[in-house]
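A.B. asks: using only what follows, build the 3D model:
(one chain, ligands or ions: 2)
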Amino acid sequence: MMSDKLSQNIRYVKGVGEKRAELFEKLGVSSVGTLVSLYPRHYESWEEPVSVADAVVGEVNCIKARIAKEPTEQRIRKNMTVYKCIATDGLCNLYITFFNNRFVKNALKEGQEFLFLGKVTGGLIRKEMSSPAYKSANKTSPLRPVYPQTAGLNSTAIHKAVQNALIQLQGEDIEILTPKIMNDHSLIGKYEALNLIHNPKNMQDVERARKRLIFEELLILQLGMRLMGSERQTSGTIINDLSVEFIKKLPFTLTGAQSRVISECANDMKSGYTMNRLVEGDVGSGKTAVAAAVCYSVIKNGYQAAMMAPTEVLARQHYKSFCDFYNGTGITVGLLTGSMTPAQKRKEYEKLKSGQTQMIVGTHALISENVDYNRLALVVTDEQHRFGVKQRARLSQKGARPHMLVMSATPIPRTLSLIIYGDMQLSVLDEMPKGRKPVMTYSVTGDYRTRIWAFLKKHLDSGNQGYIVCPLVEDSEGSELVSAEKQAKDLAEYEFGDYSVGLLHGKMKSSQKDEIMRRFKEGEIKLLVSTTVIEVGVDVPNATVMVIENAERFGLSQLHQLRGRVGRGQKDSYCILISDSKSETSKARLKIMTETSNGFKIADEDLRLRGPGDFFGDRQHGLPPLEIADMTKDASVLKTTGELASLILNADPTLSSERLKKLRLAVQDLFGTESFNCFG
Ligand code: ADP
Ligand code: MG
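C.D. replies: Ligands and ions are numbered 1, 2, ... in the order given. Have a look, this model is predicted:
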């Protein structure tokens, strides 16, 4: 734990007490440390007031104006009294209304000048404000912090509690960074930063505080990420490159990018250091073949390789791919998933332990306690963004420093991959196998449905298959969204009465899902109505049309992933995005989909339009949430702290020196001690 004072329960902070403490708990605040890092959302700025004439309608303005007509009182019903007054800048009037606020009668005196802070409504002719905050114009006051609030706990109450906590911390040693780091990067001290962020006099104060706090947050994050992957420092198993044998047997010629990435991996694995490499490759760029080539060398050197996939469906598909790829090589391929019976699992455990299974493909089941490997030397994880960082660490603990290869199909914006994979080497598969045609993509409104169904029928009639993707599993009350269950029922009954329609969604049992997928793969089901469960990696080359309902509800990268389910064969393929959204951002986003098939470009645009929430929202990365830094805006700091983290760890790989103890504790605090096996 951190300094005693910081870990103290907030109940003992003056003015908090038992009851408030419970409310604070809702905001994720339980200790003095978390209380003082509950940073203001924004600041009410009384700086640089404008005249009524210059105030912008529809925005929050701070207006300087003189009272021209004192508040008049008007009782409109029981418990509701309205006070109206007029302020002026000499040219323009501002019409102000207060509700149930009798204090304004005495406060706002004719002829006196005030600052009014609030949203301006009305029009250019008549500007209005409703219940603005106000203060006398000749009192110059600092910025007022506005905190995230919860019922029963307003911003002022939070600010008071924070103030008391800051008083308690006065004179305590809460510094985490060394004097040299602060000096080198012109950072203020921790206490000063906390004090300024809660009590700034002006925006420069806020900036100085933010600079320090963001730096600290990102440094700790990057140190943690590197420490979890720190086994890269030590030497791994030496693997001689035998992939040429494998490549010769492939039914196709590798793309230049595939060959390059395979040799990058080969070089890593014979270097005497543990490979820790990320392969980013767009949907369909042929990552599985790369993985199979790399695993081949490992196995032919006498070791085991494992490939972990995020879903049952994907694991089985990879299992089949590996069986096909290794046909005639004498390699034994095994499968291990959660849905197998205990007896089946036990059998596979034995084969893994004895070394009989050389290539194992599976889901999370691969990192279960019961699994012992014989000579595990390479771990491949597919669609890594779906696994927590901790799981990655756990799988690597299964072998004696196995090589790590991570496959990511969701192109992650560069800034984000720097953080998530800051400790890894990067390979990019930036070339598609020859003959791939881009999926023709259209964005339309729901009015087009009849025409879309006709188009879809034409394709089914010529022997192709199609997908319809919906945002919901089942209809839910009050929601206008299209659900997969209802859509499947309706279409099977009416428009597609003569076709076999299947339904696939995440609430089904995995055996049911597998059965549906099998029937779709074998062409028995022509039209598959589903939720996003088909998102990752599913390969049915005969599917040529995908229709996506309520397309505005999906992230762009997710749409890109979904779209990647079609266009996997030689035929022309289509993706039709249906959306009735009127929002300009939604329209702009969907337009991007129609214009490019480059996953990296799409990811960058998505990040620009929607912010990092899409990537970090559901915390699938296993990354701790950030309190103050913003991945999109603080990319340059990210680079600096990344370099510093490497510098620090090169000199002291486990942060064991006394000087760095506080930093180490902060890292452990953030990720949880169990995430690290380097701290002994
Ligand atoms: P992804 O990168 O999306 O995981 P896959 O590995 O599933 O892509 O490959 C998609 C399809 O392309 C598979 O059917 C695979 O056999 C095929 N493929 C891979 N590499 C090549 C290549 N160089 N030439 C032709 N087809 C290829
Ligand atoms: Mg794949």
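A.B. asks: strands along the stretch 151-300 of the chain, start to end?
C.D. replies: Remark: strands assigned in the stretch 151-300 of the chain by DSSP state E, counting those that start in this stretch are 276-281.
A.B. asks: what parts of it come near ligand 1?
C.D. replies: 252-255, 258, 281, 283-289 (Cβ under 6 Å from any ligand atom). In this view, the C-beta of every residue, glycine as well, is placed from N, C-alpha and C.
A.B. asks: what residues are up against whichever residue of the stretch 1-150 of the chain sits closest to ligand 1?
C.D. replies: With Cβ to the nearest ligand atom, the shortest gap between the stretch 1-150 of the chain and ligand 1 falls at G28, namely 37.9 Å. G28 makes contact with 34, 38 under the criterion Cβ atoms under 8 Å, 6 or more residues apart in numbering.
A.B. asks: repeat that for 10 Å
C.D. replies: G28 makes contact with 34, 37-38, 148, 625, 627, according to Cβ atoms under 10 Å, 6 or more residues apart in numbering.
A.B. asks: by neighbours, which of the residues you listed wins?
C.D. replies: Neighbour counts for the contacts of G28, by other Cβ atoms under 10 Å, peak at L38, which reaches 20 neighbours.
A.B. asks: can you give me phi and psi for the spatially closest residue to it that is not a sequence neighbour?
C.D. replies: Excluding the flanking residues, the one nearest L38 by Cβ to Cβ, 6 or more residues apart in numbering is V29, at 5.4 Å. Main-chain dihedrals, V29, degrees, to the nearest 10: phi -110, psi 120.
A.B. asks: and for N61?
C.D. replies: Dihedral angles of N61 (phi, psi; degrees, to the nearest 10) stand at phi -130, psi 150.
A.B. asks: from what I see, it and V52 are in contact.
C.D. replies: Yes - in terms of Cβ atoms under 10 Å, N61 counts as a neighbour of V52; the distance is 9.0 Å.
A.B. asks: between the two, which contacts overlap?
C.D. replies: Common neighbours of N61 and V52, using Cβ under 10 Å, 6+ apart, are 94, 116, 120, 127, 129.
A.B. asks: now list the buried members of these.
C.D. replies: Buried members of the shared contacts of N61 and V52, scored by 16 or more other Cβ atoms under 10 Å, are 94, 116, 120, 127, 129.
A.B. asks: which one of the shared contacts of N61 and V52 sits closest to D324?
C.D. replies: V120 (66.6 Å; Cβ to Cβ).
A.B. asks: would you mind extracting the C-alpha trace of the host helix or strand of the closest one into PDB?
C.D. replies: For V120, the host element (DSSP states H and E) is strand 113-122. In PDB, the C-alpha atoms belonging to strand 113-122 read as follows (Å, rounded to 0.1, in the frame of the first residue of the first chain):
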ATOM      1  CA  GLU A 113     -22.400  44.900 -12.200                       C
ATOM      2  CA  PHE A 114     -22.400  41.100 -12.100                       C
ATOM      3  CA  LEU A 115     -20.900  38.100 -13.900                       C
ATOM      4  CA  PHE A 116     -23.500  35.600 -14.900                       C
ATOM      5  CA  LEU A 117     -22.400  32.100 -15.800                       C
ATOM      6  CA  GLY A 118     -24.700  29.700 -17.600                       C
ATOM      7  CA  LYS A 119     -26.100  28.500 -20.900                       C
ATOM      8  CA  VAL A 120     -27.500  31.300 -23.100                       C
ATOM      9  CA  THR A 121     -30.800  30.400 -24.800                       C
ATOM     10  CA  GLY A 122     -33.300  32.400 -26.900                       C
END
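A.B. asks: buried residues in the helix ranked longest in the chain?
C.D. replies: The longest helix of the chain (DSSP state H) is helix 203-228. Within helix 203-228, the residues that qualify as buried are 205-206, 208-228, counting by 16+ other Cβ under 10 Å.
A.B. asks: what does stretch 568-581 give?
C.D. replies: Applying 16+ other Cβ under 10 Å to stretch 568-581 flags 568-569, 571, 573-579 as buried.
A.B. asks: which of those has the weakest pLDDT?
C.D. replies: The lowest pLDDT within the buried residues of stretch 568-581 belongs to G569, with 77.
A.B. asks: so it sits against G463, correct?
C.D. replies: No - at 11.6 Å, G569 does not count as touching G463 under the criterion of Cβ under 10 Å.
A.B. asks: mind listing the shared neighbours of the two?
C.D. replies: Common contact partners of G569 and G463 (Cβ under 10 Å, 6+ apart): 542, 544.
A.B. asks: around ligand 1, pick out the residues from the stretch 301-450 of the chain.
C.D. replies: 409, 433.
A.B. asks: in the stretch 301-450 of the chain, which spans are helices?
C.D. replies: 312-325, 342-354, 389-396, 414-420, 449-461 (DSSP state H, counting those that start in this stretch).
A.B. asks: work out the gap between the helix or strand that the strand holding V120 is followed by and the centre of the chain.
C.D. replies: Moving toward the C-terminus from strand 113-122, the next helix or strand (DSSP H and E) is strand 127-130. Taking Cα atoms, centre = their mean, to the nearest Å, the mean C-alpha location of strand 127-130 is offset from the chain mean by 39 Å.
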